[in-house]
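**Student:** Just the structure for this:
(one chain, ligands or ions: 1)
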Amino acid sequence: MVLVMDFGGQYSQLIARRIRECGVYCEIVPFNTNIGKIRQMAPRGIVFSGGPSSVYGEGAPKCDPAIFEIDVPVLGICYGMQLTAHSLGGKVAHATSREYGNTRLYVDNPEGLLAEIGSETQVWMSHGDYITEPPQGFAVTGHTNSSPVAAMANNQRQIYGVQFHPEVVHTPEGMKILRNFLFNICGCKGDWNMGSFADQAIGKIQQQVGNKRVLCALSGGIDSSVAAVLVHRAIGDQLTCVFVNHGFLRKEEPEQVVKTFRDGFHMNLVYADAVARFMARIEGITDPEQKRKIIGEEFIRVFEAEAAKLGDMDFLVQGTLYPDVIESGTATAAVIKSHHNVGGLPEDMKFELVEPLRDLFKDEVRALARELNLPEDIVWRQPFPGPGLAIRIIGEVTAERLEILREADSIVYQEIKIAGLYRKVWQSFAVLPAMKSVGVMGDERTYAYTIGLRIVESEDGMTADWVRLPYEVLDNISRRIVNEVKGVNRVVYDITSKPPATIEWE
Ligand code: XMP
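**Tutor:** Numbering: from 1, shown residues only. Got it, this is the predicted structure:
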């Protein structure tokens, strides 16, 4: 096991993830973790993360210097390297300007940590302070035009530092450097995988929950599904899942969720059919934010009512992923749309949280889902907003419009799958603006709805580009929708990116 000691850097999780990619189990601990506890965890290596502080700053995060005495290899990254240098008697100075972005590293000693790295390589830098003199016993192993000590090593004590970030993709040889540390220096084997993650997570859940009862809001999306299955593996029938059908789900979705979890995984699943309740509350509402608010509130009410019927519950499962943890930490981001996650924690409900996916990135959750034998349909499901189809009907939500959108959306899904694009694009769906236009079918004049197609590619949903879909695919979708969905006579393709548009229309 390798420890990542977190000094507040935005990349601590990314370092952990890279280590996991090398097949090495890894845990993140706060910078001030007690040395006794570290000894007890018996890591094979310790990585100090970067961080925004200066070692001279007031309240700068510092670890117990005894960490350098416990005979465990240490790799300091960015701030982690500066702290290492500072703690061991080297010199750190403030630079007049930051060294930022892609930088050339000149390797002075291609051994140990920098084994098999060329004499010059690209690295990614982001720092204000820099090291002017390494501590005694350390050799300078790399420099850049602005940093005389961009990499340092004390091979005898197995203590290393790099000023740049090996964990980001902009350091193309970064993984080689991390592997050198893990395998050559720490002697890790690299035999850890998602199966081991599942086993460890199950053990932790059992320890946390004991014989108490656990509640889970299951949406059928990958995050809540994986979290629920993992918890179920750990504690079986102590878990009860509640699945709320608000009536804005896609075609056949509620049936699939019930079938998968009740019949497939034999889980306790409460199916709350709240369609009529939601329809009554949403009637006549056209404002997007109001729709979201109403659906969010109503969801919590239904969930609470179902939970109350189940009696005392001590824990609530959340499918929180690492990117959600970062996002909720940035309170400064402007609210563009009030996102309501089905499964969001009702504020006044008192539960302890079980969050088994907190350290994982999306693709790791997919790997875990496969490990847990979740159906492919769930493993590869595209993101779907909590308020569902209600925010894909622009204008009032009615039963008729929901039916039309559901059918059209199902055709988009089928055709995108047939074209082999479902996994390649971020999202592909239909939108129903509440507008009608004139058409002609047979010899008849028609006056019917328009369907908008929204098919985008994106890394994380924050920005997106519309997909240059082959004309034949667009043609198939358009023909099928107009021929098969009663009440539609026109199909248009949304060719705006985000920004300035958003992915969803509301
Ligand atoms: P926008 O429309 O803001 O969407 O560009 C970005 C991503 O977020 C999804 N989305 C939501 N997800 N609850 C969710 O869980 C919501 O209320 C919600 N609104 C948007 C959207 O589908 C896209 O992937």
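
**Student:** Just the pLDDT for the residue of the chain positioned farthest from its centre.
**Tutor:** In the chain, counting by C-alpha atoms, centre = their mean, Asp443 sits farthest out from the average C-alpha position, at 52.1 Å. As summarised for this prediction, Asp443 has a pLDDT of 88.

**Student:** neighbours of whichever residue of the stretch 101-250 of the chain sits closest to the ligand, just the number please.
**Tutor:** The ligand sits closest to Gly221 of the stretch 101-250 of the chain, with a gap of 7.8 Å, by C-beta to the nearest ligand atom. To be clear about C-beta, it is placed using only N, CA and C from the backbone, and glycine gets the same treatment. When neighbours are counted by other C-beta atoms under 10 Å, Gly221 registers 19.

**Student:** Equivalent analysis for Arg479, please.
**Tutor:** Count around Arg479 with other C-beta under 10 Å applied: 13.

**Student:** what's the distance between it and Ile411?
**Tutor:** Using C-beta to C-beta, to the nearest Å, we find Arg479 at a distance of 10 Å from Ile411.

**Student:** quick one: the helices in this structure?
**Tutor:** Applying DSSP state H to the chain gives helices spanning 12-21, 35-41, 79-87, 174-179, 194-209, 222-235, 253-258, 275-282, 288-309, 322-329, 362-371, 376-379, 399-418, 471-484.

**Student:** The last one: which residues count as buried?
**Tutor:** Neighbour-count burial for helix 471-484, with 16 or more other C-beta atoms under 10 Å as criterion, is recorded at 473, 476-478, 480-482.

**Student:** same check, this time on the longest one
**Tutor:** Neighbour-count burial for helix 288-309, with 16+ other C-beta under 10 Å as criterion, is recorded at 288, 291-292, 294-296, 298-300, 302-303, 306-307.

**Student:** most tightly surrounded among the helices of the chain?
**Tutor:** helix 79-87 (a mean of 26; mean count of other C-beta atoms under 10 Å).

**Student:** Average pLDDT for it, rounded please.
**Tutor:** 97.

**Student:** Run through who's touching it.
**Tutor:** Residues from elsewhere that reach helix 79-87, judged by C-beta atoms under 8 Å, 6 or more residues apart in numbering: 5, 7, 9, 47-55, 60, 62-63, 65, 68, 74, 76, 90-92, 127, 129-131, 134-135, 138, 149, 152, 159, 161-163.

**Student:** one more time with 6 Å
**Tutor:** Helix 79-87 is contacted from outside by 7, 48-51, 55, 65, 76, 92, 129, 131, 135, 161-163, using C-beta atoms under 6 Å, 6 or more residues apart in numbering.

**Student:** Buried among the residues you listed? Need that as a selection in ChimeraX.
**Tutor:** Buried residues within these, by 16+ other C-beta under 10 Å, are selected in ChimeraX with:
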select :7,48,49,50,51,55,76,92,129,131,135,161,162,163
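
**Student:** I'd like to know which of the contacts of helix 79-87 are part of strands.
**Tutor:** Using DSSP state E, the subset of the contacts of helix 79-87 located in strands is 48, 76, 92, 129, 131, 161-162.

**Student:** Using CSV, write down the CA coordinates of stretch 454-468.
**Tutor:** Extracted in CSV, the C-alpha atoms of stretch 454-468 (Å, rounded to 0.1, in the frame of the first residue of the first chain):
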residue,chain,number,x,y,z
ARG,A,454,-29.3,16.9,-28.8
ILE,A,455,-26.1,14.9,-29.3
VAL,A,456,-23.0,16.1,-27.7
GLU,A,457,-19.5,15.1,-26.9
SER,A,458,-17.8,16.2,-23.7
GLU,A,459,-15.2,15.2,-21.2
ASP,A,460,-17.1,16.2,-18.0
GLY,A,461,-20.3,18.0,-19.0
MET,A,462,-18.7,21.4,-18.2
THR,A,463,-18.1,22.2,-21.8
ALA,A,464,-19.5,20.3,-24.8
ASP,A,465,-19.5,20.2,-28.6
TRP,A,466,-22.3,19.0,-30.8
VAL,A,467,-21.5,15.8,-32.6
ARG,A,468,-20.9,15.9,-36.4
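
**Student:** Buried residues, that stretch. List them.
**Tutor:** Result for stretch 454-468 [16+ other C-beta under 10 Å]: buried residues 454-458, 464, 466-467.

**Student:** so how far is that stretch off the chain centroid?
**Tutor:** Mean C-alpha position of stretch 454-468 versus that of the full chain (C-alpha atoms, centre = their mean, to the nearest Å) differs by 16 Å.

**Student:** quick one: that stretch near the ligand?
**Tutor:** Yes - using C-beta under 6 Å from any ligand atom, we find that stretch 454-468 touches the ligand at Gly461.

**Student:** who touches that stretch?
**Tutor:** 425-429, 431, 469, 494-495, 497-498, 503.

**Student:** From those, list just the buried residues.
**Tutor:** Neighbour counting with 16+ other C-beta under 10 Å marks 425-429, 431, 469, 498, 503 as buried within the contacts of stretch 454-468.

**Student:** farthest-separated two in those residues?
**Tutor:** Within the buried ones among the contacts of stretch 454-468, Leu469 and Lys498 form the most distant pair, 16.8 Å apart (C-beta to C-beta).

**Student:** was I right about Phe243 contacting Ser219?
**Tutor:** No - counting by C-beta atoms under 6 Å, Phe243 sits too far from Ser219 to count as a contact (7.4 Å).

**Student:** Who are the contact partners of Lys91?
**Tutor:** With C-beta under 6 Å, 6+ apart, Lys91 has these contacts: 132-133.

**Student:** So what pairs up with it in the strands?
**Tutor:** Beta-bridge partners of Lys91, counted by DSSP bridges, are Glu133.

**Student:** Would you map out the domains in the protein?
**Tutor:** Domains of the chain are assigned by automatic domain parsing as 2-185, 194-379, 392-493.

**Student:** Going by mean pLDDT, which of these comes out lowest?
**Tutor:** Minimum mean pLDDT among these: domain 194-379, a mean of 88.

**Student:** end to end, how far does that one reach?
**Tutor:** Taking C-alpha to C-alpha, to the nearest Å, domain 194-379 runs 14 Å from one end to the other.

**Student:** Stretch 265-284 too?
**Tutor:** 40 Å.

**Student:** and if you look at stretch 229-240?
**Tutor:** Span of stretch 229-240 from end to end, C-alpha to C-alpha: 11 Å.

**Student:** got it, and stretch 11-27?
**Tutor:** Across stretch 11-27, first to last residue, C-alpha to C-alpha, it's 14 Å.

**Student:** Check stretch 435-448 too.
**Tutor:** 8 Å.

**Student:** Can you name the residue of the stretch 301-450 of the chain nearest to the ligand?
**Tutor:** Taking C-beta to the nearest ligand atom, the stretch 301-450 of the chain has Pro385 as its residue nearest the ligand, at 3.3 Å.

**Student:** Look at that residue and report its pLDDT.
**Tutor:** 94.

**Student:** next one: phi and psi at it?
**Tutor:** phi -70, psi 150 (degrees, to the nearest 10).

**Student:** Arg213: neighbouring residues, count only.
**Tutor:** 16.

**Student:** got a list of what it touches?
**Tutor:** Contacts of Arg213 (C-beta under 6 Å, 6+ apart): 238, 313-314.

**Student:** what's the answer for Ala408, then?
**Tutor:** Going by C-beta under 6 Å, 6+ apart, the list of residues near Ala408 reads 430, 451, 481, 485.

**Student:** Report the spatially nearest residue to it, omitting neighbours in sequence.
**Tutor:** Excluding the flanking residues, the one nearest Ala408 by C-beta to C-beta, 6 or more residues apart in numbering is Ala430, at 4.2 Å.

**Student:** quick one on the thing from earlier: specify which member of the contacts of Ala408 is nearest to the ligand.
**Tutor:** Ala430 (13.2 Å).

**Student:** If that closest one is in a bridge, with which residues?
**Tutor:** Applying DSSP bridges, one finds that Ala430 bridges with Leu453.
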